[in-house]
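1. A structural model of the following input is requested.
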Amino acid sequence: MTANETSPKRTLRVVGVPMDLGAGRRGVDMGPSAIRIAGVGESLRQLGYIVEDDGDVAVPAPETRAHGDEKARYLEPIYHVCNRLRLRVRRALEHGETPVVLGGDHSIAIGTVSGVAEYFHEKHETIGLIWVDAHGDMNTPETSPSGNIHGMPLATVLGFGHPRLVEMGGFSPKVAKDNVCLVGIRDIDDNERKIIRESGIHAYTMRDVDERGMRSIMEEVIGIVSNGTAGFHMSFDLDGMDPRDVPGTGTPVKGGLDWREANLLMEMVSDTGNMCSLEVTELNPILDIQNQSGEVAVDVICSAFGKRIL
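-> Predicted coordinates:
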């Protein structure tokens, strides 16, 4: 693989969010470190970017906090972490930088998407959203079988869920349903299936990927998230990929995107030039094999920023 020599000399602002408060098991708090150890900063610099690492958002350990409401576990600390992340993401965009957020469980997307959407909202513009995941992340406290908030972030940014999270940044929804695409789903709760069908978002299952191919789907997805928007946010949950490629995730589901499908997805995202922010979530080094998943995370990040075969 070689770098894309035409990549602009723009600044990428890396932010780590070592949080596992939203998940059902420990370990994803070490995800940002694993991705850094796998060389994400140097790899992006080799592509011609200026990379500034903003360090990590402060996150309390679950053992130091009461989990609170069983229907929305660790709601208060998750709110405060996501709100701090929101401010960092918005500030990066205000400075002309592209936020690259490393998780952490997927509840961090509430903060990332809030920050991006707020920045454009103040300019009277909207954003699109590509959400790659094995799961729908469309539960609410009323429908969630576990109460784990990492199963709720997509619903939250669409305006459904606990008001404390939904209203972050002072407005809701953060994204319009017509500009949201969920890609790679294959493990959906019964209640969540109904929510997804009735939500109005565009959902692509792994059967769709099998039948249509990634190129066809992404051509459609890019048109949807770009229609009338200032750009789009890319939220990539590593469990969207197959566990054979990404063993280090807390909620693995067989039959996911393979290495080339994931990288083609990100290469096509890069081709648009319209991605305004990126996050990668749910890397659990405790479950990984010699940081294989951390290295895959670096691969897909670099593909999103212009890494090419030729």
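2. Report the residue spans of the chain with pLDDT below the cut-off.
-> Scanning the chain for pLDDT under 70 picks out 1-8.
3. any idea which helix is longest in it?
-> Longest helix of the chain, by residue count under DSSP state H: helix 75-94.
4. list the buried ones in the next helix or strand after it?
-> Counting by DSSP states H and E, the element after helix 75-94 in chain order, helix or strand, is strand 98-103. Of the residues in strand 98-103, those scored as buried under the neighbour-count criterion (16 or more other C-beta atoms under 10 Å) are 98-103. Where C-beta positions appear, they are placed from N, C-alpha and C, glycine not excepted.
5. Mind jotting down where the strands sit in the stretch 101-250 of the chain?
-> Applying DSSP state E, counting those that start in this stretch to the stretch 101-250 of the chain gives strands spanning 128-132, 180-185, 202-205, 232-237.
6. Using JSON lines, lay out these together with distance to Asp245.
-> Formatted as JSON lines, the strands of the stretch 101-250 of the chain follow (distance: least, C-beta to C-beta, whole Å):
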{"stretch": "strand 128-132", "distance to Asp245": "13"}
{"stretch": "strand 180-185", "distance to Asp245": "13"}
{"stretch": "strand 202-205", "distance to Asp245": "19"}
{"stretch": "strand 232-237", "distance to Asp245": "13"}
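7. Tell me which of those lies nearest to Arg45.
-> When those are ranked by distance to Arg45, counting by C-beta to C-beta, first place goes to strand 232-237 at 20.1 Å.
8. The closest one - contacts with which helices or strands?
-> Strand 232-237 is packed against helix 109-121, strand 128-132, helix 259-272, strand 275-281, with contacts defined by 3 or more C-beta pairs under 8 Å, 6 or more residues apart in numbering; DSSP states H and E.
9. From the rest of the structure, what touches the third one?
-> When you say that, I think you mean helix 259-272. 130, 132, 183, 209, 214-215, 218-219, 222, 226, 234, 236, 240-241, 245, 257, 275, 296, 299-301, 303-308 (C-beta atoms under 8 Å, 6 or more residues apart in numbering).
10. Buried subset of the residues you listed as a PyMOL selection?
-> The following PyMOL command selects only the buried members of these, with burial defined by 16+ other C-beta under 10 Å:
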select buried, resi 130+132+183+209+214+218+222+234+236+240+241+245+257+275+296+299+300+301+303+304+305+306+307+308
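11. Give me the subset of the contacts of helix 259-272 lying in helices.
-> Among these, the members falling in helices (DSSP H) are 209, 214-215, 218-219, 222, 226, 296, 299-301, 303-304.
12. Let me know the closest of these to Asp178.
-> Distances from these to Asp178 were compared by C-beta to C-beta; the smallest belongs to Ser226, at 11.7 Å.
13. and the gap between that closest one and Thr112?
-> In this structure, Ser226 lies at 19 Å from Thr112, with C-beta to C-beta, to the nearest Å as the measure.
14. Look at Val15 and tell me its secondary structure.
-> Using DSSP: H, G, I helix; E, B strand; the rest coil as the criterion, the local structure at Val15 reads strand.
15. was I right about it contacting Leu87?
-> No. In this structure, Val15 sits apart from Leu87 without contact. The criterion is C-beta atoms under 8 Å, and the distance is 10.6 Å.
16. Looking at these two, which one has more neighbours?
-> Neighbours were tallied for Val15 and for Leu87 using other C-beta atoms under 10 Å; the higher tally belongs to Val15 (27 against 15).
17. Quick one: residues contacting that one.
-> Val15 makes contact with 54-57, 85, 88-89, 92, 99-102, according to C-beta under 8 Å, 6+ apart.
18. which residue sits closest to Gly159, ignoring its sequence neighbours?
-> Pro173 (3.5 Å; C-beta to C-beta, 6 or more residues apart in numbering).
19. Count residues in the vicinity of the one you found, would you?
-> 16.
20. do the same with Gly273
-> Each residue near Gly273 was counted by other C-beta under 10 Å, and the total is 9.
21. Who does the residue nearest the centre of the chain form a beta bridge with?
-> Nearest to the mean C-alpha position of the chain, counting by C-alpha atoms, centre = their mean, stands Ser235 at 2.5 Å. With DSSP bridges applied, Ser235 shows beta-bridge pairing to Trp131, Glu279.
22. any idea how far it is from Ser277?
-> From Ser235 across to Ser277, the span is 9 Å (C-beta to C-beta).
23. intersection of neighbour lists for those two?
-> Thr112.
24. what's the neighbour count on the nearest residue to Ser303 once chain neighbours are set aside?
-> In space, Ser303 comes closest to Met266 once its chain neighbours are excluded; the distance is 3.7 Å by C-beta to C-beta, 6+ apart. Met266: 26 surrounding residues under other C-beta under 10 Å.
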